[in-house]
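> Sequence first, then the predicted structure:
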Amino acid sequence: MNEDVARTVAEIGYFTEDNSVETVNARMGPSVDPRLGKVMACLVKHLHAFAREAELTQDEWEYAVGFLTRTGQICTQERQEFILLSDTLGLSMLVDAINNRRPKGATENTVFGPFHVEGAPVRAMGDAISFDGKGESCLFGGRVTDLKGRPVEGARIDVWSDNADGYYDVQQPDIQPKWNNRGVFITGADGHYSFVGIKPVSYPIPDDGPVGDMLAHLGRHPYRPAHMHYMIRAEGFQKLVTHTFVEGDPYLVSDAVFGVKRTLVAPFARVDDGGETMWRSDFDFVLARPDETR
Ligand code: BEZ
Ligand code: FE
């Protein structure tokens, strides 16, 4: 803080354009939780810098307040518009990256998304997860290993994807069978997993609310490239929340929520299964232990 500003804050305490950050942050009480104090001081600093740099007008400020109000008003248990806002601004992926710095070779994390449901049925290896009769069948398989390539036994692999129309079962509870395109698979001693789902399709994130309006105003489309979601939990390893993406998808480089990482793009090969065509996608997951970070 420059000396004149510091003196102004200490002696007078009145808010000016020049001392705004210091004046607001000086209001915090002496017994504020240290982490909360640090995060809030940082937020105020960057929020004021943003308003200053953008030379925010009164009308723009009012528009922003209205936008945030609409964002809150549309939120329900099933519709989390604020998370969607964070996702589309790249904030979710940045927070994810900061909190999941893994060593080279470990499978990378990506955005969790709003469509996971805890409690999906545990299925036997090789079982089907798709029950609405739609889409092109795909056999997913591979291994779960540690960084040294040793199989991880007892890894709980939770998978979920959209159906061939681009909707998760929870978005169409009256149309899709319960737990459609979902399942939990537990690895044996060889670390192998396999299940039969459908080749995922790209789909738009919910875009009938303020976030959709924002994307339209910014000339952005709402699509996510086709992907299969995975959450893998195993004793003694970091939790892995990730997707595999369908190679060749046109939205790989313009994912509406910035979730794609090069290492997560998986091969999808067409195979002939006794006259019936299906797809096959092989992908190995490498888990890091808690102390294996970058
Ligand atoms: C998803 O992949 O399910 C998702 C992620 C972020 C926002 C919307 C959907
Ligand atoms: Fe998804």
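Noted; the coordinates are in hand. Ligands and ions are numbered 1, 2, ... in the order given.

> Residue of the stretch 1-150 of the chain closest to ligand 1, please.
Gly113 (2.9 Å; CB to the nearest ligand atom). For the C-beta atoms, the positions are set from N, CA and C on the backbone; glycine is no exception.

> how about low-confidence regions in this protein?
Scanning the chain with the threshold set as pLDDT under 70 gives 1-12.

> one step back: so for the residue of the stretch 1-150 of the chain closest to ligand 1, what's the nearest residue that isn't a sequence neighbour?
Using CB to CB, 6 or more residues apart in numbering and skipping the chain neighbours, the partner closest in space to Gly113 is His229 (6.7 Å).

> For the one you found, pull up the helix or strand it's in.
strand 227-233 (DSSP states H and E).

> The helix or strand in which Arg52 is found packs against which elements?
For Arg52, the host element (DSSP H and E) is helix 34-54. Secondary-structure packing of helix 34-54 (3 or more CB pairs under 8 Å, 6 or more residues apart in numbering; DSSP states H and E): helix 20-26.

> Quick check: which helices or strands does the helix it packs on pack against?
Looks like helix 20-26 contacts helix 3-11, helix 34-54 (3+ CB pairs under 8 Å, 6+ apart).

> Let's see it as CSV, backbone CA atoms only.
Extracted C-alpha coordinates of helix 20-26, given in CSV (Å, rounded to 0.1, in the frame of the first residue of the first chain):
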residue,chain,number,x,y,z
SER,A,20,-11.1,1.4,-2.0
VAL,A,21,-9.3,-2.0,-1.5
GLU,A,22,-7.5,-1.0,1.7
THR,A,23,-10.6,0.7,3.2
VAL,A,24,-12.9,-2.3,2.7
ASN,A,25,-10.3,-4.8,3.8
ALA,A,26,-9.4,-2.8,6.9
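
> Please save the CA atoms from the strand holding His229 in PDB.
Taking C-alpha atoms only, strand 227-233 is exported to PDB below (Å, rounded to 0.1, in the frame of the first residue of the first chain):
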ATOM      1  CA  HIS A 227     -17.700 -38.200 -23.200                       C
ATOM      2  CA  MET A 228     -18.000 -41.000 -20.600                       C
ATOM      3  CA  HIS A 229     -17.800 -39.900 -17.000                       C
ATOM      4  CA  TYR A 230     -15.700 -41.800 -14.500                       C
ATOM      5  CA  MET A 231     -15.100 -41.400 -10.800                       C
ATOM      6  CA  ILE A 232     -12.600 -43.900  -9.400                       C
ATOM      7  CA  ARG A 233     -12.000 -44.400  -5.700                       C
END
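
> Right, I'll call it a day here.
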